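Trainee: With the sequence up front, the predicted model follows.
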Amino acid sequence: MTTGVSELASSPLLSVVVPVYGCVDSLPELVQRVVSAVVEADWAAEVVLVDDCSPDDSWSTIESLVSSRNEVVGVRLSRNFGQHAAITAGLAICKGQKVVVMDCDLQDPPELIPEMLGLAVEYDVVLGRRQGNYQSRPRLLLARIYNRLVSAMAGAQFDPAIGTFSLVDRKVVDAFLKLGEHDRHFIFAILWLGFKQTTIDFQRQPRSVGASSYTLRRRFGHAMHGIMFQNTRFLGLVVSTGFITAALGSVLGVYTIIRRITADTLPGWTSTVALLLFVFGALVTIQGVIGLYIGRIFQEVKGRPSYLIDHVLRAPES
């Protein structure tokens with residue numbers, strides 16, 4: 001049996017929470033590298049693997065890891081709830097004084113954990129800031145656009161290089177779990193919570209196992225959730241757009257009347273149709289955004305949990 005929590009009972013416990021989806025082949029190496037890095041830093045390791053109903057049968061691999069390594073805790077959700085719900089489930093299960101959150105695809109280097117623990121002596125939150133060409137240019141461009149949009153909507157500046165790879169203190173975890181939102185965004189929530197924060201740069205490696213599950217459609221949905229998680233400033237911007245549209249429509253209406261009085265000919269159908277399309281298009285957009293907010297209110301008032309746990313596997317206490 002490998003060195004784990006029971007053998008290092010006198011050491012402080014670090015939990016590493018990993019949402020698992022679509023990277024079954026990387027899990028054994030991930031656990032090995034995480035435990036090696038944590039034990040080297042004189043901490044006890046607890047690796048919480050949260051299976052978000054991955055289609056590649058990751059649960060079987062997690063079961064095998066739990067039976068062979070006493071550092072591993074396996075959590076299986078009842079269905080696919082999404083990355084941030086899986087992170088929340090892992091944070092609720094873990095027991096560590098410090099908690100690392102990282103992806104399962106080995107793009108985030110576990111070897112950085114000791115350095116993050118060093119910074120955690122002074123800081124409550126250590127955020128990993130990604131460097132390098134770890135994804136295609138179109139995806140990087142979309143990420144920059146998304147973060148600029150979120151920054152504009154929230155009235156705060158967000159660094160697009162910051163991802164989920166982070167280390168947080170237990171008091172930050174407890175504060176995060178008190179948030180009542182059904183559909184929460186981990187990093188935005190951590191930034192909103194405050195506490196003493198710093199960043200650490202690292203070279204993110206290209207994905208070598210599997211493929212990202214974030215399609216363009218899912219990224220768009222993720223972006224909308226991120227924008228709406230912050231506040232209602234986006235709704236205020238849409239209302240302002242409505243007022244501007246109405247003002248332009250009024251100006252064009254006055255222009256049409258003046259043209260009718262002073263000119264022999266009326267404007268053609270093209271300008272009329274263009275005006276109608278512009279006004280009604282703006283109205284439909286405004287109503288759609290308001291509808292999105294109403295939909296989120298509907299989801300929140302139902303009071304359903306963010307996730308449901310089907311099964312938890314732990315090594316027996318010794």
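Mentor: Cool, got the structure.
Trainee: Check which helices and strands whichever strand or helix holds residue 126 sits against.
Mentor: Element membership for residue 126, per DSSP states H and E: strand 125-131. Here strand 125-131 touches helix 113-119, strand 162-169, helix 186-193, strand 197-203, going by 3 or more CB pairs under 8 Å, 6 or more residues apart in numbering; DSSP states H and E. For glycine as for every other residue, the C-beta is placed from the backbone atoms N, C-alpha and C.
Trainee: run the last query once more with 10 Å
Mentor: strand 98-101, helix 113-119, strand 162-169, helix 186-193, strand 197-203 (3 or more CB pairs under 10 Å, 6 or more residues apart in numbering; DSSP states H and E).
Trainee: which of those is buried the deepest?
Mentor: Burial of the helices and strands packed on strand 125-131 is given as mean neighbour count (mean count of other CB atoms under 10 Å); strand 98-101 ranks first at a mean of 26.
Trainee: Any buried residues in the strand holding residue 126, and which?
Mentor: 125-128, 130 (16 or more other CB atoms under 10 Å).
Trainee: Just put those residues in TSV and tack on pLDDT.
Mentor: Putting these into TSV (pLDDT from 0 to 100) gives the following:
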residue	pLDDT
125	92
126	92
127	91
128	88
130	82
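Trainee: Considering the residues you listed, which is situated nearest to residue 179?
Mentor: residue 125 (15.0 Å; CB to CB).
Trainee: Could you export stretch 75-95 as CSV, CA atoms only?
Mentor: In CSV, the C-alpha atoms belonging to stretch 75-95 read as follows (Å, rounded to 0.1, in the frame of the first residue of the first chain):
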residue,chain,number,x,y,z
VAL,A,75,-17.3,10.4,-5.8
ARG,A,76,-19.9,9.6,-8.5
LEU,A,77,-22.7,12.1,-9.3
SER,A,78,-26.1,10.7,-10.2
ARG,A,79,-25.9,12.4,-13.7
ASN,A,80,-23.9,14.9,-15.6
PHE,A,81,-24.2,18.2,-13.7
GLY,A,82,-21.3,20.1,-15.2
GLN,A,83,-17.8,21.0,-14.2
HIS,A,84,-18.6,23.6,-11.5
ALA,A,85,-21.2,21.4,-9.8
ALA,A,86,-18.6,18.6,-9.7
ILE,A,87,-16.1,21.0,-8.1
THR,A,88,-18.7,22.0,-5.5
ALA,A,89,-19.4,18.3,-4.7
GLY,A,90,-15.7,17.7,-4.3
LEU,A,91,-15.3,20.7,-2.0
ALA,A,92,-18.2,19.5,0.1
ILE,A,93,-16.7,16.0,0.5
CYS,A,94,-13.0,16.9,1.1
LYS,A,95,-11.5,17.3,4.5
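Trainee: That one: which residues count as buried?
Mentor: Neighbour count says stretch 75-95 has 75-77, 80-94 buried, by 16+ other CB under 10 Å.
Trainee: Which one, of the helices and strands packed on strand 125-131, ends up nearest to residue 279?
Mentor: Once those are compared by CB to CB, helix 186-193 is nearest, at 34.3 Å.
Trainee: which helices and strands does the closest one pack with?
Mentor: helix 83-93, strand 98-101, strand 125-131, helix 137-154, strand 162-169, helix 170-178, helix 216-230.
Trainee: So, low pLDDT: which residues of the stretch 101-250 of the chain?
Mentor: 132-160, 183, 205-243, 245-250 (pLDDT under 70).
Trainee: Quick one: closest of the helices and strands packed on strand 125-131 to residue 297.
Mentor: Of all the helices and strands packed on strand 125-131, it is helix 186-193 that lies closest to residue 297, at 18.8 Å by CB to CB.
Trainee: ends of stretch 104-117, how far apart?
Mentor: This stretch, stretch 104-117, spans 20 Å end to end (CA to CA, to the nearest Å).
Trainee: before we move on, back to that, relative to helix 186-193, how tilted is the strand holding residue 126?
Mentor: Angle, strand 125-131 to helix 186-193, by axes from the mean of the first three to the mean of the last three CA atoms, to 10 degrees: 130 degrees.
Trainee: If you compare the directions of strand 125-131 and strand 197-203, what angle comes out?
Mentor: Going by the same axes, to 10 degrees, strand 125-131 makes 30 degrees with strand 197-203.
Trainee: Show me what strand 125-131 pairs with in its sheet, parallel or antiparallel.
Mentor: If you go by DSSP bridges, strand 125-131 pairs up with strand 162-169 (antiparallel), strand 197-203 (parallel).
Trainee: Can you dump the C-alpha atoms of it in CSV for me?
Mentor: What follows is strand 125-131, C-alpha atoms only, in CSV (Å, rounded to 0.1, in the frame of the first residue of the first chain):
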residue,chain,number,x,y,z
VAL,A,125,-6.2,31.9,-2.3
VAL,A,126,-3.5,31.1,-4.9
LEU,A,127,-4.7,31.2,-8.5
GLY,A,128,-2.7,29.6,-11.3
ARG,A,129,-2.2,31.8,-14.3
ARG,A,130,-1.7,29.9,-17.5
GLN,A,131,1.1,30.6,-19.9
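Trainee: With that, I have no additional questions.
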